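> Have a look; sequence and predicted model below, questions after that.
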Amino acid sequence: VQLQAAGSRTGTDADAFYTARGGVPSLTLSIPNRYMHTPVEVIDTGDLDAVADLLSAIAEDASDATPLAVDV
């Protein structure tokens with residue numbers, strides 16, 4: 001896992017979310033891969049399983065989380 005805060009645009013669809021309506025908290029989760037945007041893009045299926053586990057854990061704990069807000 002590598003954490004990186006993007007102080008500007010990420011080049012992903014999340015850009016449209018975090019700039020909409022004065023700012024909507026967003027998270028981009030990326031899976032390491034090779035040969036991106038080609039017919040033979042390759043990922044490690046272990047990474048895919050780990051991402052599913054991570055998203056599941058986030059969803060399970062979502063009701064206990066403090067609501068996100070953007071100070072305007």
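Yep, that arrived.

> For the rest of this, base every contact and every neighbour count on C-alpha atoms.
Will do.

> where does the protein have low pLDDT?
1-2, 6-7, 68-72 (pLDDT under 70).

> Show me where it has its helices.
Counting by DSSP state H, one finds helices in the chain at the ranges 14-19, 45-61.

> just how off-centre is the last one within its chain?
Helix 45-61 has its C-alpha centroid displaced from the chain centroid by 12 Å (C-alpha atoms, centre = their mean, to the nearest Å).

> Ok, the shortest one next?
When C-alpha coordinates are averaged (C-alpha atoms, centre = their mean), helix 14-19 and its chain have centres 12 Å apart.

> Only alpha carbons, please: show that helix as PDB.
Taking Å, rounded to 0.1, in the frame of the first residue of the first chain, the C-alpha atoms of helix 14-19 are listed here in PDB:
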ATOM      1  CA  ALA A  14     -12.400  11.700  -9.200                       C
ATOM      2  CA  ASP A  15     -11.400  15.100 -10.500                       C
ATOM      3  CA  ALA A  16     -15.000  15.800 -11.500                       C
ATOM      4  CA  PHE A  17     -16.300  14.800  -8.000                       C
ATOM      5  CA  TYR A  18     -13.900  16.800  -5.900                       C
ATOM      6  CA  THR A  19     -14.500  19.900  -7.800                       C
END
